[in-house]
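Chemist: no sequence on this one, just coordinates:
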């Protein structure tokens, strides 16, 4: 995934090696972390200042929806497995 500085119109980095479609990107309220959810159920967390992974990707069958807590300390995920939300 490529990251761009929209003011300067330049690429500022690359994070992850996602070979599936990304379904959701979510930036923490404090702007420090990027949450990534993929259609294959993988969720990743990235520190935006250094563009490093904060945790190993986690995977559960089905597509996920993600969101951060207001204090940016937790990432919540729900997933759809085709028959309902788990």
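Modeler: Received it, and whenever you're ready, just let me know what you need. Note that the structure is a prediction, hence the values are computed from the model and not measured.

Chemist: where in this protein is pLDDT low?
Modeler: 18, 56-64, 80-86 (pLDDT under 70).

Chemist: which residues does the residue lying closest to residue 74 once chain neighbours are set aside contact?
Modeler: If the residues on either side of it in the chain are set aside, residue 74 comes closest to residue 68, at 6.9 Å by CB to CB, 6 or more residues apart in numbering. Where C-beta positions appear, they are placed from N, C-alpha and C, glycine not excepted. Counting by CB atoms under 8 Å, 6 or more residues apart in numbering, residue 68 touches 26-29, 33, 35, 74-76.

Chemist: recalculate using a threshold of 7 Å.
Modeler: 26, 28-29, 35, 74-75 (CB atoms under 7 Å, 6 or more residues apart in numbering).

Chemist: that one and residue 45, how far apart?
Modeler: 10 Å (CB to CB, to the nearest Å).

Chemist: can you list residues touching both of these two?
Modeler: Shared contacts of residue 68 and residue 45, counting by CB under 7 Å, 6+ apart, come down to 35, 75.

Chemist: picking up where we left off before, any idea what the residue nearest to residue 74 is bridged to?
Modeler: residue 75 (DSSP bridges).

Chemist: just the helices in the protein please.
Modeler: Taking DSSP state H, the chain contains no helices at all.

Chemist: show me where it has its strands.
Modeler: 2-5, 10-14, 22-27, 33-38, 42-47, 52-53, 58-59, 63-68, 75-80 (DSSP state E).

Chemist: would you mark the buried spots in the last one?
Modeler: Residues of strand 75-80 classed as buried: 75, 77, 79 (neighbour count, 16 or more other CB atoms under 10 Å).

Chemist: hang on, residue 1 packs against residue 17?
Modeler: No. Applying CB atoms under 7 Å, one finds residue 1 not in contact with residue 17, separated by 8.9 Å.

Chemist: residue contacts, residue 33?
Modeler: 45-48, 54, 72.

Chemist: distance of it from residue 9?
Modeler: 24 Å.

Chemist: then residue 21?
Modeler: 25 Å.

Chemist: contact partners of stretch 12-23?
Modeler: 1-5, 36-40, 44, 46, 51, 63.
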